[in-house]
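Peer 1: fold the following for me, if possible:
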Amino acid sequence: MTDILAICQKAKSASRSLALSNSEQKNRALKFLADWLIENKEIITKENEKDILLAREAGLNEALIDRLTLTFERIGSMVSDLDTVINLPDPVGEVFEEQVLFNGLKLHKQRVPLGVIAVIYESRPNVTVDVAALALKSGNTVILRGGSETLNTNRVLVAGIHHCLKHSGLEDDVVQFIDDPARELVNQLLKMHQYVDMLIPRGGAGLHTFCRENSTIPVITGGIGICHLFVDESADLNKSIEVIRNAKIQRPTVCNALDTVLVHKSISKAFIPLLISALKKDNVSFRVEENTLTKLGIKENEVVQVAGVEDFDTEWLSLVLGIKEVTGLDEALTHIAAHSTAHSDGILTNAPINAERFIREVDSAAVFVNASTRFTDGAQFGLGAEVAVSTQRLHARGPMALRELTTYKWVGVGDYLVRA
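Peer 2: Now for the predicted structure:
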């Protein structure tokens with residue numbers, strides 16, 4: 001069986017040498033990786049097809065199959081993200097908050113890597129490249145544990161990453177891969193606090209809960225999104241339809257896809273039928289409260305169904321959209337506070353006062369005004385990629401990229417200074 005202790009020890013040892021590598025070395029490795037992905041895209045997709053076939057045979061749902069699928073286009077996006085990471089400033093060594101104290105001590109903070117990061121993730125093999133790239137650039141070693149459903153794809157990707165590290169003169173131990181789907185290995189990894197500095201689970205609620213309850217390593221959770229858009233009475237209805245459509249259908253299987261639309265009651269008669277008519281053309285189905293359907297004279301059918309008790313607490317990850325009528329901004333805020341997972345929520349409005357209050361009161365990692373929730377993404381935010389979208393308060397929120405993978409040390413410089 002895979003030796004988790006040995007993997008963690010190798011990662012810890014490699015972290016010390018990686019922390020001393022310069023930006024040129026790290027960027028060279030990332031450039032090699034970008035070129036390798038382009039040159040080997042046919043091999044990568046062939047291995048990915050094996051995973052897709054096995055996933056279908058195992059009965060995985062279409063949302064998970066979409067997440068694990070790599071196409072030439074998606075590989076091209078991975079390459080584009082790598083190029084962005086290469087061009088971003090290296091955060092390691094950044095000096096900030098400089099000051100000179102009354103006693104003459106020159107004091108500043110200096111950015112340093114976290115050390116060793118472990119990432120447990122499901123379905124999405126692009127995470128393998130995203131995380132390895134961000135960890136490398138920020139000076140962190142990383143332990144990757146992908147899902148069994150992406151084992152063939154991850155094996156070829158990790159082999160490529162190791163090849164590029166060696167080719168650039170860096171240790172391949174800086175990227176460790178648990179090439180074994182045994183669940184017992186996860187239990188072992190969660191106890192390796194002596195070697196691992198931060199744990200990031202990326203997957204369903206069950207994985208997040210398991211890691212929080214069983215890990216002795218600090219855990220960053222996120223990536224589960226029950227996302228809302230509130231359409232207030234002042235919103236441009238036609239423009240709102242387009243934002244909602246983008247948020248729902250552009251890629252419905254991801255965490256920043258829209259789950260619930262809240263509609264001000266004063267515009268519901270005009271807007272809700274318009275929304276249903278527009279999005280049903282994209283094969284969207286709807287969950288709407290019974291009293292709203294009665295008010296609008298809409299009968300339940302294969303497209304529109306009465307919302308169940310749990311529907312507004314469901315991350316759909318599919319072409320299903322909840323619609324709820326609210327009396328105004330107060331009720332919208334109350335609903336979001338009760339049902340949001342603090343991932344991405346937004347308001348569609350032409351009233352600045354409503355926008356300002358929404359921003360102030362909605363406690364989510366990303367809050368939008370007149371924009372799609374689909375923007376909560378490392379690449380869209382100009383970060384190149386992300387290791388996760390954190391919905392916690394410590395130590396980072398939203399897409400976690402280079403800067404979020406660092407901490408800092410205090411540096412004090414004196415002239416043989418002693419404390420009085």
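
Peer 1: state the pLDDT value of the closest residue to residue 14 other than its chain neighbours.
Peer 2: Nearest non-adjacent residue to residue 14, counting by CB to CB, 6 or more residues apart in numbering: residue 173, 3.9 Å away. Bear in mind the C-beta positions are built from the backbone N, C-alpha and C, glycine included. Here, the pLDDT recorded for residue 173 equals 97.

Peer 1: secondary structure class of residue 173, three-state.
Peer 2: helix (DSSP: H, G, I helix; E, B strand; the rest coil).

Peer 1: roughly how far apart are it and residue 15?
Peer 2: Going from residue 173 to residue 15 by CB to CB, to the nearest Å gives 9 Å.

Peer 1: any shared contact partners between the two?
Peer 2: Common neighbours of residue 173 and residue 15 (criterion: CB atoms under 8 Å, 6 or more residues apart in numbering): residue 141.

Peer 1: buried residues in stretch 320-336?
Peer 2: 320-326, 329, 331-333, 335-336 (16 or more other CB atoms under 10 Å).

Peer 1: in helices, which of those appear?
Peer 2: 329, 331-333, 335-336 (DSSP state H).

Peer 1: how about the contacts made by residue 271?
Peer 2: Contacts of residue 271 (CB under 8 Å, 6+ apart): 231, 237, 240, 263.

Peer 1: now swap in residue 354 and tell me
Peer 2: Per CB under 8 Å, 6+ apart, neighbours of residue 354: 232, 234, 329, 347.

Peer 1: can you tell me the element the last one falls in?
Peer 2: In the assignment (DSSP states H and E), residue 347 maps to strand 344-348.

Peer 1: for that strand, which strands pair with it and how are they oriented?
Peer 2: For strand 344-348, the paired strands and their directions (DSSP bridges) read strand 227-231 (parallel), strand 366-369 (parallel).

Peer 1: strands along the stretch 301-420 of the chain, start to end?
Peer 2: Counting by DSSP state E, counting those that start in this stretch, one finds strands in the stretch 301-420 of the chain at the ranges 304-306, 320-326, 344-348, 366-369, 388-390, 398-400, 406-413.

Peer 1: using JSON lines, lay out the ones you listed together with distance to residue 76 and mean pLDDT.
Peer 2: Converted to JSON lines, the strands of the stretch 301-420 of the chain look like this (distance: least, CB to CB, whole Å; pLDDT from 0 to 100):
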{"stretch": "strand 304-306", "distance to residue 76": "38", "mean pLDDT": "97"}
{"stretch": "strand 320-326", "distance to residue 76": "29", "mean pLDDT": "98"}
{"stretch": "strand 344-348", "distance to residue 76": "25", "mean pLDDT": "98"}
{"stretch": "strand 366-369", "distance to residue 76": "25", "mean pLDDT": "98"}
{"stretch": "strand 388-390", "distance to residue 76": "22", "mean pLDDT": "92"}
{"stretch": "strand 398-400", "distance to residue 76": "20", "mean pLDDT": "94"}
{"stretch": "strand 406-413", "distance to residue 76": "29", "mean pLDDT": "97"}
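
Peer 1: and residue 115, which of those strands is closest to it?
Peer 2: Closest of the strands of the stretch 301-420 of the chain to residue 115 is strand 406-413, at 8.7 Å (criterion: CB to CB).

Peer 1: any buried residues in that closest one, and which?
Peer 2: residue 406.

Peer 1: packing partners of that strand?
Peer 2: Secondary-structure packing of strand 406-413 (3 or more CB pairs under 8 Å, 6 or more residues apart in numbering; DSSP states H and E): strand 106-113.

Peer 1: may I see the buried residues of the strand it packs on?
Peer 2: So for strand 106-113, counting by 16+ other CB under 10 Å, buried means 108-113.

Peer 1: over to stretch 153-173?
Peer 2: 153-158, 160-162, 164-165, 168, 170-173.

Peer 1: give the contact list for residue 71.
Peer 2: Neighbours of residue 71 in contact, by CB under 8 Å, 6+ apart: residue 45.

Peer 1: go on, residue 401?
Peer 2: 134, 378, 381, 383-387.

Peer 1: excluding its backbone neighbours, what's nearest it?
Peer 2: residue 383 (3.5 Å).

Peer 1: ok, residue 218 touching residue 196?
Peer 2: No - counting by CB atoms under 8 Å, residue 196 is not a contact partner of residue 218; they are 9.2 Å apart.

Peer 1: what about the helices in the stretch 151-300 of the chain?
Peer 2: Applying DSSP state H, counting those that start in this stretch to the stretch 151-300 of the chain gives helices spanning 151-167, 184-189, 205-214, 237-249, 268-279, 290-296.

Peer 1: quick check: angle from the fourth one to strand 320-326?
Peer 2: Comparing the axes of helix 237-249 and strand 320-326 via axes from the mean of the first three to the mean of the last three CA atoms, to 10 degrees yields an angle of 140 degrees.

Peer 1: buried sites along helix 237-249?
Peer 2: 240-241, 243-249.

Peer 1: check contacts around the residue nearest to residue 407 when sequence neighbours are not counted.
Peer 2: Nearest non-adjacent residue to residue 407, counting by CB to CB, 6+ apart: residue 114, 5.7 Å away. Going by CB under 8 Å, 6+ apart, residue 114 touches 138, 140, 197-198, 405-407.

Peer 1: please apply the same query to residue 139.
Peer 2: Residue 139 touches 18-19, 21, 26, 92, 112-113, 406, counting by CB under 8 Å, 6+ apart.

Peer 1: distance to residue 178 for these - can I get that in a markdown table?
Peer 2: Formatted as a markdown table, those follow (distance: CB to CB, whole Å):
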| residue | distance to residue 178 |
| --- | --- |
| 18 | 19 |
| 19 | 23 |
| 21 | 24 |
| 26 | 23 |
| 92 | 26 |
| 112 | 26 |
| 113 | 21 |
| 406 | 24 |
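
Peer 1: any idea how many residues pack against the residue nearest to residue 401?
Peer 2: 21 (other CB atoms under 10 Å).

Peer 1: buried set for the lowest-mean-pLDDT helix or strand in the chain?
Peer 2: Lowest by mean pLDDT, DSSP states H and E among the helices and strands of the chain is helix 62-68, with a mean of 88. When burial is assessed from 16+ other CB under 10 Å, helix 62-68 yields the following buried residues: 63-68.

Peer 1: which elements pack onto that helix?
Peer 2: Going by 3+ CB pairs under 8 Å, 6+ apart, helix 62-68 lies up against helix 41-57.

Peer 1: of all the residues in the helix it packs on, which ones are buried?
Peer 2: Buried residues in helix 41-57 (16+ other CB under 10 Å): 41, 44-45, 47-48, 51-52, 54-55.
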